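Q: curious how this folds, go ahead:
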Amino acid sequence: MNFIDLSKEEKEALHAELVSHATKLGGKNFLLQLIEDVKRTQESPLVNKDKHFSFSKGFVTWNKAIYKETFDLLLTAIITQEREGDVLKGLKERDQKRVTNMLKTLKPIVLTIKPKNVKEGEGFSLPIIDTSDAQKTKISLMFKILFFHNIEFAKKALGYKI
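A: The predicted structure follows:
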């Protein structure tokens, strides 16, 4: 996904959401530091069995372990969503069942992102699965920005002038 390809309304909504989350975390630099620290890890912090990831300005916790097989399937689902607009669209029946089970596993997971110093902000929570549109099955864009997209995407969204 490229920020330039988004509609004006999508850019404005994404900008507002990122600024809101950055403010709750301590500022834009805190949010960008989280993304950079995630990118520096060899293996995704999401497969950490402790359900905890510390970054230089704070920490991320989640309520259920994510196993390597589930994570690998999540990557495939994200690629499908980027191409098709829906995680389940265009899948073979066998693959659709595997992806559906992966989505059921990930749906109750909520990531909690907080700064180290409570004075910086209260932090925020983030689901992995986006349930805002009942007609489409999607992975949360904010989740993808924090853990999968290039940091330039976040910088462009944060710096977007309305």
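
Q: find the residue closest to residue 17 in space, skipping its chain neighbours.
A: Take residue 17 and drop its neighbours on the chain: the residue closest to it by Cβ to Cβ, 6 or more residues apart in numbering is residue 142, 6.3 Å away. C-beta here means a position set from N, CA and C on the backbone, and glycine is covered the same way.

Q: correct me, but that neighbour touches residue 126?
A: Yes - Residue 142 lies in contact with residue 126 (Cβ atoms under 8 Å); the separation is 5.6 Å.

Q: overlap of the contact sets of these two?
A: Contact with both residue 142 and residue 126 is made by residues residue 21, according to Cβ atoms under 8 Å, 6 or more residues apart in numbering.

Q: hey, where'd the helices end up in the chain?
A: Secondary structure of the chain, counting by DSSP state H: helices at 8-25, 28-40, 68-84, 93-106, 141-147, 151-158.

Q: the ones you listed: which one's closest to residue 131?
A: helix 93-106 (10.4 Å; Cβ to Cβ).
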